[in-house]
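J.: sequence and predicted structure below; questions after.
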Amino acid sequence: PRVARFASIDGSDTSDTMRSILFFAAEPEAGEPGVYAGNQAIAQYLLSGANGRLIQSLKSFLADRLFRDTNIMGNMYSLEDLITPILVALSRPAVEQFGEVPERIVVGRPVRFSAARTKEDDDLATARLEVALRRAGFRNVIFEYEPVAAAYHYASTIATDELILVADFGGGTSDFSIVRICPRTSSQQRYDILANDGVAIAGDAFDGEIVRHLVASELGRGSRYKTPYGQVLPMPTSFYAQLERWHYFSFLKARATMERLRDLERQALEPEKIRALVHIVENDLGYMLFRSIERTKIGLSESEETAFTFSDPPIAISKPVRRKAFETWIERELNEIAGCVDRVMEAAGAVPTDIDTVFMTGGSSFVPAVREIFLSRFGAEKLRMGNEFTSVARGLALRALELE
C-alpha cells in the first residue's frame, strides 16, 4: 500500500500523518473560509498568534450523547459539522496523488469508542461518523476494527500462519484483538478473530495525568478563593478536569466559563495563578501545552528523567520529572490496560504460550510502562513493532483490496 503525503506544518516538507485538528480563525484573511483542518490548522493557528479557536480530539465525542452542538464564534456546529472538514482535508491529498477515490472505502474504527458504555452508544458513534463521511463525499462506507486492520498489515510481513495479539493504542482508546492470520499468499480465509476488547484509555489519558501533576497546581488547582459573603472555598475542580482532557479544552473558552474564571480571579487568594489559567484559555494555548507534554513523554520514553517546560509570558513552568513518578501517576490507566489484555486472552481461551506474536501499534506503544505489560506476559522475543503511526491505514488498504 501507498499512503498519502500531507504538507508539513511549516510547508517545507511532507508527512504521512495528519493531525485531526480544526482551527477557526478569529480574523480570517480576505477570501479565506476561516476554518482550517489538519496540519494547515496548526500552521494558521501559529501564524495568527493563536487568534481563534483550536479544537482537537473530536473523535472522543462520537459516543457522547451530551454533545449535540456547540457555539463557535456565534455559529452553531454539530459534531458532524466539525468532523467533516477534517475528512475533506484527509481525502483531498489522496485524490491529488492517486486519482479519484473509489465509491466504496474501508474506514477504521476502535473496538470501543471513547465514552461508549452500551451498544447504543457504539451505534451512535458509527452513525455520526458515517454522516460526516457522506458529507465529505464518500457514499459506500465499510467499517473495520483498527486492530484487525493492523493484523492485515502484519500479515503482509509473514510467511506462515500465526496467532497474534494486536495492541492498537490511539489517542483516546486502547484496543486489543486475538487474531489467527494467514500470509497474504495463502488461499485460505485471511483472518479469524478469536476475541477483541478495548478501553477508553490511551495517550490522551497519560497527557491528562501530566497536566494534573505538573501544570494544574501552577494554574490554581488546590488554591482557594473568598466569596462576596466572606466564605473561603477551594477552587472548583471542574475547570481543571476539562484542562486535563484535550477534547474539552477548547470549550473552556465559552463566554459563560470565561466570565466565571474572571470572577474567580478577582476573588482568588492567589490571583496570579487564576490569571495564568485565564491566559492559557483566552489565548487558546492548548496546542502549545500539548507540544510541551508530548516532548515530555518522548523524553521519558528515552531516559529515566527529563524536564517539562512550558512558557508563554506571563506563564513559565519548568519542572524535572522522573519516569518512575510518571509511571506512578498513570498506574490506574496501566492497570486498566493490563486488565483488558487479560480479559481478551481469557475470552479467546488462550494462554501466553499460544501467542506467536504481539504486534504493537500507535503512539503509546513507545511508553516503557505500557511495553512492560506485554514483556512480562509474553517475553521480548514475541514483541513486534513497525510503521507505528500508519500500520492501521496500510492494513485498511489491504482489506479494501481484498474486498475488491
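T.: It's in. Numbering: from 1, shown residues only.
J.: what pLDDT does residue 187 get?
T.: Here the pLDDT value assigned to residue 187 is 54.
J.: so where's the stretch 101-250 of the chain shaky on pLDDT?
T.: 184-190 (pLDDT under 70).
J.: quick one: the helices in it?
T.: Assigned by DSSP state H, counting those that start in this stretch, the helices in the stretch 101-250 of the chain fall at 119-135, 146-155, 203-210, 238-243, 246-249.
J.: which ones are touching residue 318?
T.: Residues near residue 318 by CB atoms under 8 Å, 6 or more residues apart in numbering: 307, 308, 309, 310, 311. For every residue, glycine as well, the C-beta is placed using N, CA and C.
J.: what's the most buried one of the helices of the stretch 101-250 of the chain?
T.: helix 146-155 (a mean of 27; mean count of other CB atoms under 10 Å).
J.: list of residues touching that one?
T.: By CB under 8 Å, 6+ apart, helix 146-155 touches 106, 108-111, 164, 166-168, 170, 175-177, 179, 181-184, 190-191, 193, 196, 357, 359, 361, 384, 387, 391-396, 398-399, 402.
J.: mind doing that once more with 7 Å?
T.: Contact with helix 146-155 is made by 108-111, 164, 166, 168, 175-177, 179, 181-184, 190-191, 193, 196, 359, 361, 387, 391-392, 394-396, 398-399, as judged by CB atoms under 7 Å, 6 or more residues apart in numbering.
J.: buried among these? Make that a ChimeraX selection.
T.: Buried members of the contacts of helix 146-155, defined by 16 or more other CB atoms under 10 Å, are picked up in ChimeraX with:
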select :108,109,110,111,164,166,168,175,176,177,179,181,182,190,191,193,196,359,361,387,391,392,394,395,396,398,399
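J.: among the contacts of helix 146-155, which are in strands?
T.: 108-109, 164, 166, 168, 175-177, 179, 181, 191, 193, 196, 359, 361 (DSSP state E).
J.: how near is the residue minimising distance to the centre of the chain to residue 60?
T.: Geometric centre of the chain, nearest residue: residue 171, 2.4 Å, by CA atoms, centre = their mean. In this view, residue 171 and residue 60 are 8 Å apart by CB to CB, to the nearest Å.
J.: tell me how far residue 135 lies from residue 80.
T.: In terms of CB to CB, residue 135 sits 7 Å off from residue 80.
J.: for residue 226, grab the count of nearby residues.
T.: 13 (other CB atoms under 10 Å).
J.: with the one 3 residues further on instead?
T.: Residue neighbour count, defined by other CB under 10 Å, stands at 5 for residue 229.
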